[in-house]
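# Sequence and predicted structure are below.
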Amino acid sequence: MCGIVGYVGPRAAQELLLEGLQRLEYRGYDSAGISVLGDGRIESVRAVGNLGRLLDAVGAAEPARKAVDGGAVALATLAPTTGIGHTRWATHGKVTEANAHPHADTADRVHVVVNGIVENYLALKERLAALGAGFTSQTDAEVIAHLVSHHLEATGDLPAAVQAAVGELEGHYAFVAMALDEPDVLVGARNECPLVVGVGEGERFFASAIAAFLSQTRRVQHIEDGEVVVLRPDGATFLDAAGAEMRREVTEVDWDEATAEKGGFETFMLKEVHEQPEAVAETVGDRTRRADGVDLTEPGAFDEALLEGVKRVVVVACGTSYHAGLIGRYAIESWARLSVETDIASEYRYRDPVVGEGDLVVGITQSGETRDTLAAMRVARERGAKVLAITNVMGSQATRESDGVLYTRAGLEIGVAATKTFVCQVAVMYLLALRLAELRGTLDADRRSALVADLRRMPELLGQTLEGLGKVADGVAARHGDKGFFLYLGRHVGLPVALEGALKLKEISYIATDAYAAGEMKHGPIALLDESTPVVVVATDSPVLEKVASNMQEVSARGAHVIAVATEGNEMIAAHAEELLRVPRTDWTLQPLLAVVPLQMVAYAIARRRGLNVDQPRNLAKTVTVE
Ligand code: AGP
């Protein structure tokens, strides 16, 4: 949930850390801090609020440091070149400066930044306090600073101290430690929380996400669970739980720097909405080279043997990713004639689910780090099911806890509200459904060819959907943006789209929404309707379109306002709607991939009209690594 960055090398650490945190801020933003080490001392600055507050605090600290160092001349040569930084999203302890990271030991000689949860922190805290440790925060994270310090006294060696500390920690975490007595060293460890190494020329980075150092290097080393990594300017040493040295290759990520910037758009979310044609093209492209089918094999990631003998598909996911799973269900059932269950991951694992051999469990998670989804995948795997991960992040935990991975290739998504990763998840579900259908012989070659051709056209159709959409969405926002409640309705493949549209609006505009199967409206939600209610109806092509049209009439009859997403040229739907959001025609099973885009843009337009920060909605984080 939090963001971590670390630097060791010849350059001034402070700017690099702040830049890294700026790129990580979407991971957690209730407080932030940095500690830098050099010239025989550690300096630390923490601030509550977004990163701007930390920048102010660091700026304010600078003249003081200049004075201590004897003026600006000294600053350049004495600038600390080792440091750690953190953005926090509170889980244990209130949002206060004392609870912000970095945390230090009592003697202020060991500083740490931590992501995740130390489950046994109370027992450790009691023990360390009895030994004289003075705790200054309410966090579980602080215990790591004292624990490392405790072991450092005994070993006199930071890597050994971190290794000993890791042996005592329970929970899921990633952390980086530095010590006053070892100025050119950072030591990091991870267990089920993200942490990677960035490899520069004579310098190294730690970060919880590659984005933090992407502007400095694209060369990455992945860290496995349970490993301790010792970082020095000229290299990284990877140690397993027993302290044995491990080899780790350097890989190059293909995200360029520009993908981490807004690229001329006013927000990351808007940029990412407009990147959807390209993202889907990347995701679908080489997998649909064959006219009458798709190829999913990817060495080291996905082997088609995983699809052999599958009797049932179970999808586990959270939030938007869950909605992608719901859409995939229609395609797999219809094309591959396989039974599909879809489950909210946070519920699944506590249900004692009946799952095992013959089941293909698909964990969908853009971040690859969502704790509930990972736990659901783990339960299924333990019970003998094959587990497939659909994720956007290479090297993420989901890729390690599965038997195969299908990557969405959406590129870096910074906006907390998932947009391009969602359409890519949906695209991957279509690809999976098509491949299963081919392997099972449930779709003839002509139908497969038609669907492959439609999928290949998706980037173009997404581009058409986006044309002029901003203006139409602004119009809807102008007429309804002040309303306190929106109802979303859909049937068949339109239902998951309605669910996703409602989630998008509530998460970025803070307007209450409800999403319902349109046929269920008469069983309750219809009581909510009056002259002030905007009702968004997903009314794109489907086998039940006429029934949707009669639901729209039921809404209008109560004086509520119908805003319809309709397939181009469908005048029957247009006649029943006050406002129309048109999408191009494609096969009805594929319509959700287009139909969601107007709903993203309506949510966006309303949130912006309300002056809200759409990239960082309150209380939400991009990666949810807590239960
Ligand atoms: C999406 O807009 C949300 N921010 C959220 O529901 C998200 O989809 C959910 O937390 C799952 O995340 P994941 O895909 O990284 O697992």
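Right, received. Where do you want to start?
# which residues are contacting stretch 439-456?
The contact list for stretch 439-456 (C-beta atoms under 8 Å, 6 or more residues apart in numbering) reads 284, 288, 290-294, 304, 307-308, 335-338, 427, 430-431, 434, 437-438, 586-587, 589-590. Where you see a C-beta, it was placed from the backbone N, CA and C, and this is true even at glycine.
# ok, now with 7 Å
For stretch 439-456, contacts defined as C-beta atoms under 7 Å, 6 or more residues apart in numbering pick out 284, 288, 291-294, 307, 335-337, 430, 434, 437-438, 586-587, 590.
# Any of these buried? List them.
With neighbours counted by 16 or more other C-beta atoms under 10 Å, the contacts of stretch 439-456 contain buried members at 284, 288, 292-294, 307, 335-336, 430, 434, 437-438, 586, 590.
# Going by residue numbers, what spans are strands in the stretch 351-500 of the chain?
Taking DSSP state E, counting those that start in this stretch, the strands of the stretch 351-500 of the chain run over residues 359-365, 386-391, 404-407, 485-490.
# For the stretch 151-300 of the chain, just list every one of the strands.
So, for the stretch 151-300 of the chain - with DSSP E, counting those that start in this stretch - the strands run 171-179, 182-191, 196-199, 204-207, 219-222, 228-232, 235-239, 245-246, 251-252.
# partners of the fifth one in the sheet?
Strands adjacent to strand 219-222 in the sheet, as given by DSSP bridges, are strand 196-199 (antiparallel), strand 251-252 (antiparallel).
# Can I get it in PDB, CA atoms only?
Extracted in PDB, the C-alpha atoms of strand 219-222 (Å, rounded to 0.1, in the frame of the first residue of the first chain):
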ATOM      1  CA  ARG A 219      17.500  -2.100 -15.900                       C
ATOM      2  CA  VAL A 220      15.800  -4.100 -13.100                       C
ATOM      3  CA  GLN A 221      16.600  -7.100 -10.800                       C
ATOM      4  CA  HIS A 222      13.600  -8.800  -9.200                       C
END
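# Return the nearest residue of the stretch 251-400 of the chain with respect to the ligand.
Nearest residue of the stretch 251-400 of the chain to the ligand (C-beta to the nearest ligand atom) works out as G319 at 1.9 Å.
# what does the stretch 501-627 of the chain have sitting close to the ligand?
With C-beta under 6 Å from any ligand atom as the criterion, the stretch 501-627 of the chain comes near the ligand at residues 507, 620, 624.
# what secondary structure does the last one sit in?
Following DSSP: H, G, I helix; E, B strand; the rest coil, the label given to V624 is coil.
# for this protein, which spans come out with low pLDDT?
Residue ranges of the chain with pLDDT under 70: 1, 25-29, 60-78, 89-93, 256-264.
# picking up where we left off before, just put the strands of the stretch 151-300 of the chain in CSV and tack on distance to E278 and mean neighbour count.
Compiled in CSV, the strands of the stretch 151-300 of the chain are given as follows (distance: least, C-beta to C-beta, whole Å; neighbours: other C-beta atoms under 10 Å):
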stretch, distance to E278, mean neighbour count
strand 171-179, 31, 26
strand 182-191, 32, 23
strand 196-199, 25, 24
strand 204-207, 25, 28
strand 219-222, 23, 19
strand 228-232, 34, 24
strand 235-239, 33, 17
strand 245-246, 37, 11
strand 251-252, 20, 12
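# a markdown table for these, including distance to the ligand?
Compiled in a markdown table, the strands of the stretch 151-300 of the chain are given as follows (distance: least, C-beta to the nearest ligand atom, whole Å):
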| stretch | distance to the ligand |
| --- | --- |
| strand 171-179 | 15 |
| strand 182-191 | 18 |
| strand 196-199 | 17 |
| strand 204-207 | 17 |
| strand 219-222 | 18 |
| strand 228-232 | 24 |
| strand 235-239 | 26 |
| strand 245-246 | 28 |
| strand 251-252 | 21 |
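# Contacts only, for the residue lying closest to E227 once chain neighbours are set aside.
In space, and not counting its chain neighbours, E227 is closest to F238: 5.6 Å by C-beta to C-beta, 6 or more residues apart in numbering. Contacts here follow C-beta under 7 Å, 6+ apart; on that basis F238 touches 227, 229, 245-246, 248.
# give me that answer again for 10 Å
For F238, the contacting residues are 197, 221-224, 227-230, 244-248, by C-beta atoms under 10 Å, 6 or more residues apart in numbering.
# Would stretch 395-408 count as contacting the ligand?
No. Using C-beta under 6 Å from any ligand atom, stretch 395-408 stays clear of the ligand, with a minimum separation of 8.1 Å.
# Pull the distance from that stretch to the chain's centre.
14 Å (C-alpha atoms, centre = their mean, to the nearest Å).
# For it, list every residue counted as buried.
Neighbour-count burial for stretch 395-408 [16+ other C-beta under 10 Å]: 395-399, 401-408.
# which residue sits closest to the residue sitting nearest the centre point of the chain in space, ignoring its chain neighbours?
Centre of the chain computed as the mean C-alpha position; nearest residue by C-alpha atoms, centre = their mean is S367, 3.6 Å away. Spatially, and ignoring its direct neighbours in sequence, S367 is nearest to T623 (4.3 Å; C-beta to C-beta, 6+ apart).
# In this structure the one you found contacts T391, no?
No. Checked against C-beta atoms under 10 Å, the pair T623 and T391 is beyond contact range at 11.4 Å.
# any shared contact partners between these two?
With C-beta under 10 Å, 6+ apart as the test, T623 and T391 both reach 365-370.
# Out of these, who's the most crowded?
T365 (32 neighbours; other C-beta atoms under 10 Å).
# List the single closest residue to it in space, sequence neighbours excluded.
In space, T365 is closest to T373, 4.5 Å off (C-beta to C-beta, 6+ apart).
# What about that neighbour, how many residues nearby?
T373 sits with 31 neighbouring residues when counted by other C-beta under 10 Å.
# Okay, G309 and L338: tell me how far apart.
Note on G309: its distance to L338, by C-beta to C-beta, to the nearest Å, is 12 Å.
# And for G611?
In terms of C-beta to C-beta, G611 sits 47 Å off from L338.
# between these two, who's got more neighbours?
L338 (18 against 6).
# Thought A433 was touching the more buried one, still the case?
Yes. Between L338 and A433 there is a contact under C-beta under 10 Å: 8.7 Å.
# Common neighbours of these two, please.
313, 329, 332.
# who touches the first one in this structure?
It stands for V313. Taking C-beta under 10 Å, 6+ apart, one finds 307, 325, 328-329, 332-333, 336, 338-342, 359-362, 388, 429, 432-433, 436 in contact with V313.
# cool, the second one as well?
Contact analysis of R329 by C-beta under 10 Å, 6+ apart lists 313, 315, 338-342, 429, 433, 493, 496.
# Return the closest of those with respect to G9.
Looking at the contacts of R329 and their distance to G9, the nearest is M429, at 42.7 Å (C-beta to C-beta).
# residue contacts, the closest one?
313, 315, 324-332, 340, 362, 364, 390, 406, 408, 592-593.
# and the strands paired with strand 219-222 as a markdown table, adding distance to V544?
Compiled in a markdown table, the strands paired with strand 219-222 are given as follows (distance: least, C-beta to C-beta, whole Å):
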| stretch | distance to V544 |
| --- | --- |
| strand 196-199 | 46 |
| strand 251-252 | 47 |
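# could you pull out the helices for the stretch 451-600 of the chain?
Assigned by DSSP state H, counting those that start in this stretch, the stretch 451-600 of the chain shows helices spanning 469-480, 494-509, 545-557, 571-575, 591-609.
# tell me which residues of the longest one are tucked away?
Just to be clear, that refers to helix 591-609. Across helix 591-609, burial judged by 16+ other C-beta under 10 Å covers 591-609.
# cool, and the third one?
By neighbour count, and taking 16+ other C-beta under 10 Å as the criterion, the buried residues in helix 545-557 are 545, 548-549, 551-552, 554-555.
# Give me the contact list for it.
Defining contact as C-beta under 10 Å, 6+ apart, one finds that helix 545-557 is touched by 487, 489-492, 494, 516-522, 526, 529, 533-535, 537-540, 542, 544, 560-562, 564, 566-567, 570, 572-573, 575-578, 588.
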